[in-house]
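> turn this into a model:
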Amino acid sequence: MKRLLSLALVAVMLFSMSIITYAEDDAVKEFDPNKEIELNLKQATEYALKNSKDMKIQDLEMKRAELKYDQDRKILRDYNGASGEEQDFINSEILPKEYFDLGILDRQTKLSKQISIWNKEIKENEIKYNVEKAYFDLLQSEKDMEIAKEGLELANRQYEQSKKMYELGTISHQQLLSVELAVSQAQSGFDMATMGYELQKMSFNNTLGLSLVQKIKLTDKIEYKKHDEIKLDEAIETANENSAILKAAKEGYELSELTFKAVKAKYSTPNQYKYREQEIAVEQAAKSLDTVKNGVEMSVRSAYHSLITAEKQIKTYEKAVENAQKAYELTELSYNLGQNTSNDVTKARIDLMDAKKNLSKQVHAYNLALLDFKYSIGLGKNAIGGAL
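Have a look, this model is predicted:
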C-alpha cells in the first residue's frame, strides 16, 4: 500500500507540473576601473554572456530540470512496472488509464525539460539584445557629444573672427555680445551632451555587469549598412518555425486536447464538472495559441515596417545635412564680408548641428529597427512562463 500511495502522489505531481520563471541579478565585475578598456560589439556581448549570473542560474536550472526529468521518467517506469492492483487504484482514484496510454504525462515531462533548454537560449538572446542595444545607445550618445563639440568649436571660431571684426570696426559691440552669448549657449549644449554621455556610459556598464565607473572606449562606430533583401512572408514563416513560446503553446494545446480525450474516457457525458472543465481548458489553450501566433506575426511586421520607414528617411536627413552645410558656409562667408549679421551665422550653425543630430538619430533608429527585426524572427527573448 505504501508503494501504491507513493505512485498516486507522484502521478498527481506529474499532472500538475508548471513552468518556472527566473529572477535577474547583477553580473560579475572583473576590470580595473582605473584602466580604460576597448570593446567592440562582439567583445562586449561575449563579456556579458561569460559573466552573467543570469546564465549561471539558467545552467543550474537546466541541471535541475534534467534531474527532475530523470526522476519523472523513473516514476513512469515504476508505474508501468507496478502491479495491476496498484495501477487500477491510480486509474480509478487519481488519473484515468488514458493519461498514461495516450502519453500525456510523458509529453508533459519532456516539455518541462525542453522549456528549461529554451529558457536558457532565450536568456542568452535577451542578454545579447540588451548589450547590442546598450552599445548602439552609447554610440549615439557619444555622437551627440561629438556634434555638440563641433558646434562649440564653430561658435568659438565665429567669436575669434568677430573680435577681429570688432577691432576693425566692422561690427558693433552689440553683435560681439551676441556672439559671446552664442558661445555660452554652445558650451551649455556641449556640457549637457557630455553629461548625457556619462549617464549612458553608466547604463552600458550596468548592462554588461561592469563597474559603473569603469573607463571604456567603444571601437565600433554608428553607420548605415544596407540590410539584405527581406521577404516579409518568408520572415513570418521563419519566426513561426523558430519561436520557442509558439512551440510551447502548440504543445500545450495538443496536451489539452489529449487530456480532454482522457477525461471523456472517464466522464462519458458532458453533464459532468470535469468534462466541462477540460472542455473549457481546450478552448483556452486554443485561444492562447492564436494569441501567441498573432503576437509573433505582429512583432515581425512591426519590426519590418519600422526598419523600412527608418531606412527611407535616412536619405532625406542626409540631404538636409548637405543643404545645411552649404547654407552655413555661405552665411559665414557673407558675415565675414559684412553682408550678414552674427545672428544669421548662429542660426545657420544651429541648423547645421540640428541636421547632423537628426541624421545621427535616424541612423540609430535604423540600427535598432534592424536589431528588433533580427530578434523578431528568432527563438525569442522573453522567457516562457506559466502553468501547463
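> by mean pLDDT, point me to the weakest helix or strand of the protein.
Least confident element among the helices and strands of the chain, by mean pLDDT, DSSP states H and E: strand 18-19 (a mean of 38).
> mind listing what the nearest residue to Asp137 once chain neighbours are set aside touches?
In space, and not counting its chain neighbours, Asp137 is closest to Gln200: 5.9 Å by C-beta to C-beta, 6 or more residues apart in numbering. Where you see a C-beta, it was placed from the backbone N, CA and C, and this is true even at glycine. With contact set as C-beta atoms under 8 Å, 6 or more residues apart in numbering, Gln200 has these partners: 137-138, 141.
> same check, this time on Ile377
235, 238-239, 242, 300.
> mind giving me the ChimeraX select for those residues, buried ones only?
Buried residues within the contacts of Ile377, by 16 or more other C-beta atoms under 10 Å, are selected in ChimeraX with:
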select :235,239,300
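> residue ranges for the strands of the stretch 1-150 of the chain, please.
Taking DSSP state E, counting those that start in this stretch to define them, one finds strands in the stretch 1-150 of the chain at 18-19, 37-39.
> doesn't Ile171 belong to a helix?
No - going by DSSP: H, G, I helix; E, B strand; the rest coil, the assignment for Ile171 is coil, not a helix.
> give the phi and psi angles for it, as a check.
With angles defined as degrees, to the nearest 10, Ile171 sits at phi -130, psi 160.
> just use 53 as the starting number from now, easier for me
With the count now opening at 53, the last piece we talked about shows up as Ile223.
> so who does the residue lying closest to it once chain neighbours are set aside touch?
Among residues not flanking Ile223 along the chain, Met217 sits closest, at 4.7 Å (C-beta to C-beta, 6+ apart). Contacts for Met217 (C-beta under 8 Å, 6+ apart) come out as 223, 388, 390.
> just give the number of residues close to the first one.
When you say that, I think you mean Ile223. Using other C-beta atoms under 10 Å, Ile223 has 21 other residues around it.
> correct me, but it touches Ser394?
Yes - counting by C-beta atoms under 8 Å, Ser394 is a contact partner of Ile223 at 6.9 Å.
> pick the one among the contacts of Met217 closest to Asp130.
Asn388 (93.3 Å; C-beta to C-beta).
> which residues touch the residue nearest the centre of the chain?
In the chain, the residue lying closest to the centroid (C-alpha atoms, centre = their mean) is Tyr181, at 4.5 Å. For Tyr181, the contact set (C-beta under 8 Å, 6+ apart) comprises 423, 427, 433.
> ok, the spatially closest residue to the first one that is not a sequence neighbour to His357 distance?
Once its chain neighbours are removed from consideration, Leu423 has its nearest residue in Glu184; the separation is 5.6 Å (C-beta to C-beta, 6+ apart). Spatial separation of Glu184 from His357 under the definition C-beta to C-beta, to the nearest Å is 21 Å.
> who does the strand or helix carrying Ile360 touch, helix- and strand-wise?
Ile360 belongs to helix 325-388 when assigned by DSSP states H and E. In terms of contacts (3 or more C-beta pairs under 8 Å, 6 or more residues apart in numbering; DSSP states H and E), helix 325-388 is packed against helix 156-220, helix 284-294, helix 296-318, helix 394-428.
> that older thread, what helix or strand is the residue nearest to Asp189 on?
Counting by DSSP H and E, Gln252 is part of helix 225-260.
> pLDDT below threshold where in the stretch 303-440 of the chain?
438-440 (pLDDT under 70).
> for the stretch 103-252 of the chain, same thing?
Short version for the stretch 103-252 of the chain, where the test is pLDDT under 70: 138-148.
> one step back: distance to Leu91 for the helices and strands packed on helix 325-388 - can I get that in TSV?
TSV is the format used below for those (distance: least, C-beta to C-beta, whole Å):
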stretch	distance to Leu91
helix 156-220	8
helix 284-294	29
helix 296-318	29
helix 394-428	17
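> can you check which of those gets nearest to Leu270?
Here helix 156-220 is closest among the helices and strands packed on helix 325-388 (C-beta to C-beta), at 5.9 Å.
> residues in contact with Ser224?
Tyr218.
> any idea how far it lies from Ile297?
Following C-beta to C-beta, the distance that separates Ser224 from Ile297 is 69 Å.
> ditto for Leu119
24 Å.
> list the buried residues in stretch 201-218.
Buried residues in stretch 201-218, defined by neighbour count with 16+ other C-beta under 10 Å: 202-204, 206-207, 210-211, 213-214, 217-218.
> now these in TSV, with distance to Glu281?
TSV is the format used below for these (distance: C-beta to C-beta, whole Å):
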residue	distance to Glu281
Glu202	36
Gly203	38
Leu204	42
Leu206	41
Ala207	44
Gln210	47
Tyr211	50
Gln213	50
Ser214	52
Met217	55
Tyr218	59
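> so which of those comes closest to Glu173?
Using C-beta to C-beta, Glu202 is the member of these that lies nearest Glu173, at 43.4 Å.
> now do the contacts for the closest one.
The contact partners of Glu202, by C-beta under 8 Å, 6+ apart, come to 405, 408.
> repeat that for 7 Å
Not one residue lies near Glu202 by C-beta atoms under 7 Å, 6 or more residues apart in numbering.
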